[in-house]
Every structure is written in structure tokens, then in C-alpha cells.
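Chemist: what's the 3D shape of this:
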Amino acid sequence: MSKIIIYQIFTRLYGNKNHTRKPGGTIEENGCGKLNAFTPTVLKQIREMGVSHVWYTGIIRHATMTDYSRYGIPRQHPAVVKGRAGSPYAIADYYDVDPDLATDVEKRMEEFEKLVNRTHRAGLKVIIDFVPNHVARQYHSICKPEGVRDLGQDDDTTQGFAPATNNFYYCPGQPFSPYLDLYHGETEPYTEFPAKATGNDHFDNVPGRNDWYETVKLNYGVDYYAGGIGHFDPIPDTWHKMLHILLFWAAKGIDGFRCDMAEMVPAEFWAWATSQVKQQYPELLFVGEVYNPAEYRHYLASGFDYLYDKVGMYDAMRDVVCHRQGTDAISRAWQQTDDIGDHMLYFLENHDEQRLASDFFAADGWKGVPALVVNALMRQNPFMLYFGQEWGERGMDQEGFSGHDGRTTIFDYWSLDKPTSEGTRLAEVYRKVLNIARTEKAVGEGLMFDLMYVNQQYARQYAFLRGKGKEQLLVVANFDDEPLTMEVTIPAHAFDFMGMKERKAKATDLLTGEEMALELKRDAAINVALKPNGAVVLKL
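Modeler: Now for the predicted structure:
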């Protein structure tokens, strides 16, 4: 089985060739990427980078300040939209495609369906977001299929919490009164009565500026007013509505959902919904954004195929790259999830995190290379990268709402710089590493042996073996800014565990093509020359 490599693309920015980049600029001023930017040629290039799955981020229509009312799309009040373009996680209609992404707004769903077909023809699979915990404050579906009742349409707004029937939580008798400018340049203020609970589990009518004030929390039958007691019999109405949405998109031929803030929705819902979706679409993947390691096994048992390994592996790897911890942190991170290791999604960037090359992280994309090699090659589990990561995108613009934070904006109309010649060189390293991950059986199917317990004198280097049958890889990464020759001891136990024989071997570095002769002996060392922030992948 080949390893899964997910390429997260922020669809609105990816194909945007407009480089005006006015902070807080409109779509007319700054432009916007379109679905048709993903031509067969572009998709072939993504495939050749070693990618297996493309996660098109921001497909479903969300709240925006851009006015599409001439197409019958309800205008959103700017007081409850973050940034001119709006957050793709404030869904305004679960059954619609973001009009920003369409060349012909009236054919936006058809354009998405064609993108799915093009992506499949390029040999890639499609992942989109499913945002189950919250919706935009002015959620209203104009594209829902016949017979579908809208979220909140039948709610009893005199009830703060009605487990089986209400889709939202309410503050009965209280208006929405946040610490915000509710006019935002409009003649009429934004009004909401009674106030709905805010998406980040804020249950009064006065969310603050740092809350997810542009969203409202969905009710899955959990009584947060009584300490989080679940009422799941009868099955809450929200469950049925969200299952219908999952099946609607699955029928479009997509291959997986990346489920936003999955742990804010009860595991009972996921167990119920994923089993029904997989009855009809057994190959469909569910990738969960879960941050609490104590809940990992709970959510995997509820039907998730993969979970973010953010709090363990990402945090450890970031510390190692920034020289805040030694490489023993990597060993601790994988050991904490060893029993579920194949289900953990490793990454070094995504839309929530700061860019590797930003001044807030490593300040240089090349410093991420050893982390890339280790995370992409150490286990059978999936690896994800974020568009622009491969050429060292820095995320240091002040785009508007997003601000100067080392992240690429998800709120503003913007575009990224073209890769420099240095960025093109870095991208070639990514292509090599990801293709090794995809094509080497030792990586996709093989055993892994962490060599660091017998090489503890090295705090900024990391070495491990991968093996499948007669195919063996020795992977060594240098997180230091200085060159080094590492004497990698391979213990007798590794020979037994990996089924290796003592022998003289010829090894090829899959990253450079260089060959070397070495002698494999129990409890003996192999000398490996390492460049600063470099790595070798020796195929024995």
C-alpha cells in the first residue's frame, strides 16, 4: 500500500495571478484564484510532486463581504464576517460552492464537479472540508435539495437548549450584544434576537473580539448548561441534517472529508454518521482535527481514519527545528501514539499554523528539510504539506484582517509570490522526499526501528531504519546548522527486528544518487556525512 501524501491547497489563493496585494483589498482589487486554475497540467505537476490527495480548502460557500446578491445569494452583514473574503469555516450554505472560486457564478457547482473529475483523471484523490461544529451567524441555504429543512428553521427560540429538535443554542430574551462594532460601515446594525451561542462554546450573548463571534454553535444534543450531558435518544435533528450534508458531498465523487474541530462534536455522532456514510462509500476517508491526545482513541473508534498529530508530533518537531528540544522529543512523540501510529497525520504546516520559513518559526524553509525527511519517512501514516511550504513561502505579509502573524491569510483576498530560484531548489527536495515516501515499499508498508536509544550522544540528529523484506532504508537527519559526520550505531536488536543480515552492502542515497560501500555489523557504527540541516536516505 502506498503512503498517503495530502497537499492542502487554499483554493482562493492558489491560482491568483493578481499581485496588487492591497491590505484589506476587495476581490476586484486583489483578485481571487478560481477552480479552473487547476488545469490538467497543474494537477499533473502536483501529482509528480509525490502527492496522492489534494485537500481543496474553502470549497463550501461561507460568509463574505463580497456582494453576490445579483445571483440570488444573500448578502452577509460585514459586522459578522472576519476579513473581506471571510473565513471558510463560517459556512453560509452547506449545499453551495463558494462563488469567489467560480468563473461563471451561476455554474459554480458544475465547475466544482468538473474539478473533481479533472483531479481524478490526474490520478489524485479529492478531500474537502466538513465543518460540523458551527455555521455563519447568517446561515441560510438557498441550494438545499427539495424537502430539506434549513438549520434552525424549526427551532423553538424560547428554549436555550432543546436536545432533539433545536439546531442551535439560544439566549432566550437576550439580543446579540458583543463587544463589536455592529454597524461596520452599514446604515443598519447587525441584529440577532434572541442571541445564538457562539461557535467556540461561548454560551452567552456577549462574545468578545477573540471569540469566533462570526459563527454559531450547532446543537448535537449536548447540554452544556448542565455540564455537558449528552441526550442522544431520540437522535437529535442536527445529526440527521449533517448526515444528509455528508452524503450530498460524497455523491459528488469526493474521496474524503477533513473534519474541522471534530472533537467539539460528540464522538457518538461520528460513530453514527461515519458508519452510515461508509456503508455507501466504503473507501471515503475521514480526517479529524482533534487536539486532545486523551481523546484520540475515542475518536478513532468512532470512525475516523486519521487524526491530526498536532499536540504530539507537530509541537515536538517544531521545538526540535527551533533547537528548544533535542531529537529525543521525536522518539517520545511517536511512542505516545505507537498503538495508533498508522492513524496519525503528520504535518509541519497547515492554514492554522505559522509558516516554517516565517520569522516566527524557523525563518528559513531549508531548516525544515530534516523535519520533512523524518516525518514523511518514519512511519506508514499519512503526511500533509501546505501549498507554498515546498518553496519556502514565508507568510510574513500583513494582508488585512489576518495581520502580520507568519500565517498565510484565510480571511483576505491575496496572492503568494512566485518561487525564487532558491525556492525552486527547495521544491525539488520536497519532490524527491515525497516520491520516496510514495514509492518505497519500506516506507509505505515496512517496519520502523528508532536508532536513537543507542545514539543518545546526538541531540540534534535523528536516525532510524525502515524495512520491508529485502528492502532496507537507513534515514539520518541533521537538525543542526553545522555539518557533521555521525557515527550511527545499529544495535543487534535492530538486525533481529528488521530481519537484517550482517554483510558488506552498497548503499545509494536516494536524495542525491551518490553511492557508498558500508559494512553492516551488529552493534557497530556506520559513518554518515551530513550537511547543515540536511539528511541522507540510504537504500541498502
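Chemist: Now do the same contact list for the residue nearest the centre of the chain.
Modeler: For the chain, the residue nearest the mean C-alpha position is N350 (5.3 Å; C-alpha atoms, centre = their mean). When contacts are counted by C-beta atoms under 8 Å, 6 or more residues apart in numbering, N350 is found next to Q8, M384, Y386. Every C-beta, even on glycine, is put in place using the N, C-alpha and C of the backbone.
Chemist: Is it possible to mark the buried ones in the residues you listed?
Modeler: Q8, M384, Y386 (16 or more other C-beta atoms under 10 Å).
Chemist: the helices in the protein, which residues?
Modeler: Secondary structure of the chain (DSSP state H): helices located at 11-14, 27-30, 40-48, 108-121, 237-250, 267-280, 296-300, 315-321, 328-336, 369-377, 421-439, 441-444, 492-498.
Chemist: Let me have these in JSON lines, extended by mean pLDDT, mean neighbour count and distance to I410.
Modeler: As requested, these are exported to JSON lines (pLDDT from 0 to 100; neighbours: other C-beta atoms under 10 Å; distance: least, C-beta to C-beta, whole Å):
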{"stretch": "helix 11-14", "mean pLDDT": "98", "mean neighbour count": "25", "distance to I410": "8"}
{"stretch": "helix 27-30", "mean pLDDT": "98", "mean neighbour count": "17", "distance to I410": "14"}
{"stretch": "helix 40-48", "mean pLDDT": "98", "mean neighbour count": "14", "distance to I410": "20"}
{"stretch": "helix 108-121", "mean pLDDT": "98", "mean neighbour count": "17", "distance to I410": "19"}
{"stretch": "helix 237-250", "mean pLDDT": "98", "mean neighbour count": "18", "distance to I410": "20"}
{"stretch": "helix 267-280", "mean pLDDT": "98", "mean neighbour count": "17", "distance to I410": "25"}
{"stretch": "helix 296-300", "mean pLDDT": "98", "mean neighbour count": "19", "distance to I410": "24"}
{"stretch": "helix 315-321", "mean pLDDT": "98", "mean neighbour count": "21", "distance to I410": "20"}
{"stretch": "helix 328-336", "mean pLDDT": "98", "mean neighbour count": "18", "distance to I410": "27"}
{"stretch": "helix 369-377", "mean pLDDT": "98", "mean neighbour count": "26", "distance to I410": "23"}
{"stretch": "helix 421-439", "mean pLDDT": "98", "mean neighbour count": "18", "distance to I410": "22"}
{"stretch": "helix 441-444", "mean pLDDT": "98", "mean neighbour count": "20", "distance to I410": "31"}
{"stretch": "helix 492-498", "mean pLDDT": "97", "mean neighbour count": "15", "distance to I410": "43"}
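Chemist: now the strands for the stretch 251-400 of the chain?
Modeler: Ranges of strands in the stretch 251-400 of the chain, per DSSP state E, counting those that start in this stretch, are 256-259, 285-288, 306-308, 344-347, 383-386.
Chemist: what's the closest of these to E471?
Modeler: Nearest of those to E471, taken as C-beta to C-beta: strand 383-386 at 19.5 Å.
Chemist: Note down every partner strand of that closest one and its orientation.
Modeler: Partners of strand 383-386 in the sheet, by DSSP bridges, are strand 5-10 (parallel), strand 344-347 (parallel).
Chemist: Turn those strands into JSON lines, columns for mean pLDDT and distance to E519.
Modeler: Putting the strands paired with strand 383-386 into JSON lines (pLDDT from 0 to 100; distance: least, C-beta to C-beta, whole Å) gives the following:
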{"stretch": "strand 5-10", "mean pLDDT": "98", "distance to E519": "34"}
{"stretch": "strand 344-347", "mean pLDDT": "98", "distance to E519": "33"}
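Chemist: ok so, going back, kindly state the pLDDT recorded for the residue nearest to the centre of the chain?
Modeler: Among the per-residue scores, N350 holds a pLDDT of 98.
Chemist: if we can go back for a sec, for I27, which of the strands of the stretch 251-400 of the chain is the nearest?
Modeler: Short answer: strand 383-386, nearest of the strands of the stretch 251-400 of the chain by C-beta to C-beta, at 22.6 Å.
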